[in-house]
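J.: Provide a 3D model corresponding to the input given below.
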Amino acid sequence: MSMPALELKQVSRRFGTQQVLREIDLQVFPGETLVLIGESGCGKSVTTKLLAGMLEPSAGTVLWQGRDVASLSAEEKLRQRLKIGYLFQSAALFDSMNVYENIAFGLHQNTDLKESTIREIVQDQIRAVGLTVDVGRKKPSELSGGMRKRVGLARALALAPEIIIYDEPTTGLDPVMSDVVNELIITTRERRPVISIIVTHDMHTVQKVADRVVMLFPLAGLEPGQPQVIFEGTPEQAFSSREERVCSFVHGDATRRLQKMALT
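T.: From the prediction side, this is the model:
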């Protein structure tokens with residue numbers, strides 16, 4: 001097996017007195033699509049931000065291509081981070097900028113490309129996510145939720161990242177638009193080699209795009225010493241799992257949750 005492109009070794013993360021992640025081990029390999037699932041509050045988005053170097057661990061080690069991120073200089077860390085594109089849950093577009101300016105932002109900030117070249121890249125990315133070039137003149141407030149997601153993806157792709165992290169890419173979208181986003185994820189990885197890391201509650205996304213699934217469980221529901229990663233395997237293995245917590249989650253069975261609520 002090849003060296004992991006990204007890796008967490010015994011990583012924990014606290015926010016004040018609240019611990020969100022405890023001694024997580026996770027590897028992400030070249031070319032794969034890894035999907036993180038689990039109940040709200042289990043630390044999925046925190047995990048991706050640690051992998052991307054947007055957060056630092058409270059304990060443990062984050063590795064990029066086998067190198068400890070904590071040992072990198074600020075310049076090297078920035079250079080490596082530019083290889084990671086991040087699609088935020090709400091798209092996180094700049095409201096004061098139009099679509100063109102949003103997509104071009106990273107190129108303006110991090111390259112010396114001529115404006116004509118930047119314009120060509122932006123227009124190519126707009127088309128790549130299934131929008132027309134005239135959308136570039138619109139403000140985010142003029143776009144539907146699905147269009148904002150696609151513009152966010154275009155912005156993430158503009159710097160030609162080697163790794164793309166999608167945080168809840170289909171949240172708030174209707175089933176058809178959700179499938180459009182899933183198809184864009186597939187098309188993106190088919191167009192060129194890219195690592196995809198996806199946080200989702202959408203089981204259709206899991207079935208359609210995942211090579212490997214990792215499920216986290218909230219620390220509040222675990223005893224001391226119990227592992228927070230409760231499943232790792234293929235989508236087929238996840239949906240056939242007999243582990244009660246995994247089975248309940250992937251099949252949307254609320255029985256266990258309702259029983260727990262009745263006891264509180």
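J.: In the chain, which helix is the longest?
T.: Ranked by number of residues, the top helix in the chain under DSSP state H is helix 175-191.
J.: now stretch 183-190, how far from the chain's geometric center?
T.: How far stretch 183-190 lies from its chain's middle: 14 Å, per C-alpha atoms, centre = their mean, to the nearest Å.
J.: average model confidence for it?
T.: The average pLDDT within stretch 183-190 is 89.
J.: Touching that stretch from outside, list them.
T.: 33, 128-130, 150, 153, 157, 164, 166, 169, 194, 196, 198, 205, 208-209 (C-beta atoms under 8 Å, 6 or more residues apart in numbering). The C-beta positions use only the backbone N, C-alpha and C, and glycine is treated the same way.
J.: Let's see which of those residues end up in strands.
T.: 33, 164, 166, 196, 198 (DSSP state E).
J.: Kindly reformat those residues as TSV and extend each row with distance to residue 23, neighbour count and pLDDT.
T.: Output for the ones in strands among the contacts of stretch 183-190, formatted as TSV (distance: C-beta to C-beta, whole Å; neighbours: other C-beta atoms under 10 Å; pLDDT from 0 to 100):
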residue	distance to residue 23	neighbour count	pLDDT
33	25	21	96
164	27	22	94
166	25	29	93
196	25	22	95
198	23	27	96
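J.: mind listing the strands for the stretch 1-150 of the chain?
T.: For the stretch 1-150 of the chain, strands defined by DSSP state E, counting those that start in this stretch occupy the ranges 6-15, 18-28, 33-37, 59-64, 67-68, 84-87.
J.: Quick check: neighbours of the last one in the sheet, parallel or antiparallel?
T.: Right, the one you point to is strand 84-87. strand 163-167 (parallel) (DSSP bridges).
J.: Would you format the strands of the stretch 1-150 of the chain as JSON lines with distance to residue 53 included?
T.: Below are the strands of the stretch 1-150 of the chain laid out as JSON lines (distance: least, C-beta to C-beta, whole Å):
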{"stretch": "strand 6-15", "distance to residue 53": "10"}
{"stretch": "strand 18-28", "distance to residue 53": "13"}
{"stretch": "strand 33-37", "distance to residue 53": "17"}
{"stretch": "strand 59-64", "distance to residue 53": "7"}
{"stretch": "strand 67-68", "distance to residue 53": "11"}
{"stretch": "strand 84-87", "distance to residue 53": "8"}
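J.: looking at the ones you listed, which is closest to residue 107?
T.: Among those, the nearest to residue 107 by C-beta to C-beta is strand 84-87 (12.4 Å).
J.: beta partners for residue 27?
T.: residue 7.
J.: Test my guess that it contacts residue 4.
T.: Yes - assessed by C-beta atoms under 8 Å, residue 27 is found in contact with residue 4 at 4.0 Å.
J.: Check the secondary structure at residue 224 for me.
T.: Counting by DSSP: H, G, I helix; E, B strand; the rest coil, the backbone at residue 224 sits in coil.
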